[in-house]
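Novice: got a structure for you, letters missing:
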């Protein structure tokens, strides 16, 4: 079955080439960092949990050493292809879109849960072939250019994955239950408004701490949502769950812990302030959180 | 209570600007020790989760294509395309992208767009070109680019929950089943629609305000 295995193989090859290109320029810290990521993609399932943990420590050690270097400024772009340059760029989302719809109908061949990622990988391969055919790019050229971009991103590249792993340790240590019981204690008995506020603000706050609403939902559902709102006030369960999750998403917009949504774009866009994207999101997130609280309260009271 | 020490480490470490990766590992270790876990168990848990979440990092396979196209003039072309469009303002352009992102995410097409796939190569340069035409100064470029990234995220978050098979819907269904509450995914996804509309209205209004601010910046102060 085609699934994440194909996606990970493509990622392993990409990072291995990044490592080789870095080695040719004697950028050793970058070389080692990309080689370890390539190893993780190629053989992570065979390494075992402790070895994967050691691999993480090695990545952190390289990042903290401060020896990773940024890319050199590339020569200014030459505009010699005209609008043709859009075609490979648009092929990636187009193939991802069409591929998702087609692959979902072929559950025996492609893992339906990973249809979009598989289609995206296929789109990248087709776009690379188009780059060679239409733009006369030599095979190494895209990877040299891509290495410039990954050098600019640097160790931030693995931060989202690191934060997700921290979430797993938090879950194992029971951080959620402790926060949930603390929030449960502050609600005045019998107050629906108090329970609504504690539930929605708790979802947002907890998400800000954990970096994702998925970790917050089971905790807030057990602390407030199910006992006080669904069972206590007789509220519609689907409504309470869905709006609570969306209140959590408002929290995701406001936290550096959600690095892939909030910090990575600032690096990709070369912004001077690494919190600029969060600053741009907060004025949308707060009124939207208020809307969710009002909607929840209006539907219960 | 002691397990909350890891949260203190994270917040403090970020504030004091230590290397964030180092802070994350330190927080994991402190949390694990506070919960009475063996450090090796913490390392194994972290390593296991790291391996299970590799799909987050797999998105960088788009970098070679994007990098090559940028060197062949992609961003310059995106700019000149907008420069030729009458009536294209930063706000209208981003509002259109917001709608596109919400609708495609609601259809389950989450990885079709994103910061690396669409915002850096296409959306941000287009928004910047429109802002320059509106008379924005160099100081505004940073704000416009940040807003382009913010628009992508808002569109994704408040579109995807309308889709039936997205992770968060399945999580809610699973958690509530644990309490004996059986729901169909569509019952949950219907309740994502009011907030999706509110997100479009609120963020859309901010985009219109951005247009007004850019226009004001154009007049001599």
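Specialist: Ah, there it is. Note that the structure is predicted; figures quoted are calculated from it, not measured. Numbers count the residues shown, from 1 in each chain, chains lettered A, B, ... in the order given.

Novice: Quick check: the gap between residue B:35 and residue B:25.
Specialist: Residue B:35 sits 16 Å away from residue B:25, going by C-beta to C-beta, to the nearest Å. Using the backbone N, CA and C atoms, a C-beta is placed for each residue, glycine as well.

Novice: Which one of the two is surrounded by more residues?
Specialist: Under the criterion of other C-beta atoms under 10 Å in any protein chain shown, the comparison of residue B:35 against residue B:25 puts residue B:25 first, with 26 against 20.

Novice: Kindly tell me how buried residue 82 is, as a neighbour count.
Specialist: Answering for chain A, as no chain was given. 10.

Novice: wrong one, I was asking about chain B
Specialist: For residue B:82, using other C-beta under 10 Å, the count is 21.

Novice: for the one 5 residues further on, same thing?
Specialist: The local packing count at residue B:87 equals 6, with neighbours defined by other C-beta under 10 Å.

Novice: For residue A:44, give me the pLDDT.
Specialist: Looking at residue A:44, its pLDDT reads 95.

Novice: Residue B:167 too?
Specialist: If you check residue B:167, the pLDDT there is 72.

Novice: try residue B:146
Specialist: Reading off the model, residue B:146 has pLDDT 96.

Novice: Would you verify that it is located in a helix?
Specialist: Yes: counting by DSSP: H, G, I helix; E, B strand; the rest coil, residue B:146 is part of a helix.

Novice: Now do the same contact list for it.
Specialist: Counting by C-beta atoms under 8 Å, 6 or more residues apart in numbering or on different chains, residue B:146 touches A:266, A:269, A:271, A:273, A:276-277, A:279-280.

Novice: Greatest separation within those residues: which pair is it?
Specialist: Across the contacts of residue B:146, no pair lies farther apart than A:269 and A:279, at 13.4 Å, counting by C-beta to C-beta.

Novice: As a markdown table, the contacts of residue B:146 with secondary structure, distance to residue A:144 and pLDDT would be great.
Specialist: Conversion of the contacts of residue B:146 to a markdown table gives the following (DSSP: H, G, I helix; E, B strand; the rest coil; distance: C-beta to C-beta, whole Å; pLDDT from 0 to 100):
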| residue | secondary structure | distance to residue A:144 | pLDDT |
| --- | --- | --- | --- |
| A:266 | helix | 25 | 93 |
| A:269 | coil | 21 | 92 |
| A:271 | coil | 25 | 93 |
| A:273 | coil | 29 | 91 |
| A:276 | helix | 29 | 95 |
| A:277 | helix | 28 | 96 |
| A:279 | helix | 34 | 96 |
| A:280 | helix | 32 | 96 |
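
Novice: Check those residues one by one and keep those near chain B.
Specialist: Among these, proximity to chain B is found for A:266, A:269, A:271, A:273, A:276-277, A:279-280 (C-beta under 8 Å from any C-beta of the partner chain).

Novice: Now restrict the residues you listed to buried residues only.
Specialist: A:266, A:269, A:271, A:276-277, A:279-280 (16 or more other C-beta atoms under 10 Å in any protein chain shown).

Novice: Show me which of those residues is closest to residue A:64.
Specialist: Nearest to residue A:64 out of these is residue A:266 (C-beta to C-beta; 20.5 Å).

Novice: Am I right that the closest one is in contact with residue B:149?
Specialist: Yes: contact criterion C-beta atoms under 8 Å: residue A:266 and residue B:149 qualify, at 7.1 Å.

Novice: shared neighbours of the two, anything?
Specialist: By the contact definition C-beta under 8 Å, 6+ apart, residue A:266 and residue B:149 are jointly contacted by residue A:277.

Novice: Where does the prediction get shaky in chain A?
Specialist: Low-confidence regions of chain A, defined by pLDDT under 70, span residues A:73-79.

Novice: Walk me through the domains of it.
Specialist: Here the domain assignment for chain A is A:4-73+A:83-154, A:174-300, based on automatic domain parsing.

Novice: now chain B
Specialist: B:2-52, B:61-218.
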